[in-house]
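*Asks:* got a sequence here, can you model it:
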Amino acid sequence: MNANKPQLGTLFLTYLKIGTFTIGGGYAMLALVQREVVDKYHWLDEKEFLNMMALAQAAPGLIAVNSAIFLGHRLCGWRGVAACVAGAVLPSVVVILLIAMFFSQYKSLPAVEAVFKFIRPAVVALIAATVVRLAKHIR
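*Replies:* Numbers count the residues shown, from 1 in each chain. Predicted coordinates:
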């Protein structure tokens with residue numbers, strides 16, 4: 001369906017946005033991936049998206065990286081893979097490095113504990129919303 005072949009920068013920025021604004025890993029990220037890839041840019045239709053997710057789950061590795069590999073290769077070959085994967089993992093790498101540098105100093109602060117208590121149910125809600133949305137298209 002990819003009638004409009006994207007620029008590599010667009011692929012990178014799309015997955016950078018997905019990686020930046022989702023917390024909780026690949027399953028929490030699926031709703032945003034679907035919104036960007038299917039609804040906004042129309043790079044895949046619903047059926048192709050479900051097939052991509054099935055392949056991403058079946059392959060070893062992270063679902064977010066696997067979906068980035070699939071989409072990047074499908075749209076722009078190996079350069080697309082590099083752009084999508086870099087965008088998908090860069091936010092996590094930066095956040096993990098920052099947390100590793102500062103977390104031990106601040107982990108016992110009430111504000112930090114409150115943030116982590118808030119994030120847990122939000123991740124569960126993101127995953128549940130994705131399951132419901134994807135289940136509507138399974139036959």
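*Asks:* centroid residue for the chain?
*Replies:* Nearest to the geometric centre of the chain sits residue 29, at 3.9 Å (Cα atoms, centre = their mean).
*Asks:* so who does that one touch?
*Replies:* 18-19, 22, 63-64 (Cβ atoms under 8 Å, 6 or more residues apart in numbering). The way it works is simple: take the backbone N, C-alpha and C, and place the C-beta from them, glycine included.
*Asks:* let's see 6 Å
*Replies:* Contacts for residue 29 were tallied using Cβ atoms under 6 Å, 6 or more residues apart in numbering; they are 18, 22, 64.
*Asks:* show me the residues you listed that map onto helices.
*Replies:* Among the contacts of residue 29, the ones falling in helices (DSSP state H) are 18, 64.
*Asks:* distance of residue 57 from residue 95?
*Replies:* Counting by Cβ to Cβ, to the nearest Å, the gap from residue 57 to residue 95 is 24 Å.
*Asks:* my error: substitute residue 16 in the last question.
*Replies:* To residue 95, residue 16 is 13 Å away according to Cβ to Cβ.
*Asks:* now swap in residue 21 and tell me
*Replies:* Counting by Cβ to Cβ, the gap from residue 21 to residue 95 is 12 Å.
*Asks:* which one of those two has more residues nearby?
*Replies:* Between residue 21 and residue 95, counting by other Cβ atoms under 10 Å, residue 95 is the more crowded of the two (13 against 10).
*Asks:* so how far is the strand or helix carrying that one from its chain's centroid?
*Replies:* Per DSSP states H and E, residue 95 falls inside helix 63-106. Per Cα atoms, centre = their mean, to the nearest Å, the displacement of helix 63-106 from the mean C-alpha position of its chain is 9 Å.
*Asks:* which elements pack onto that helix?
*Replies:* Packing contacts for helix 63-106, counted by 3 or more Cβ pairs under 6 Å, 6 or more residues apart in numbering; DSSP states H and E, involve helix 8-21, helix 26-34, helix 46-58.
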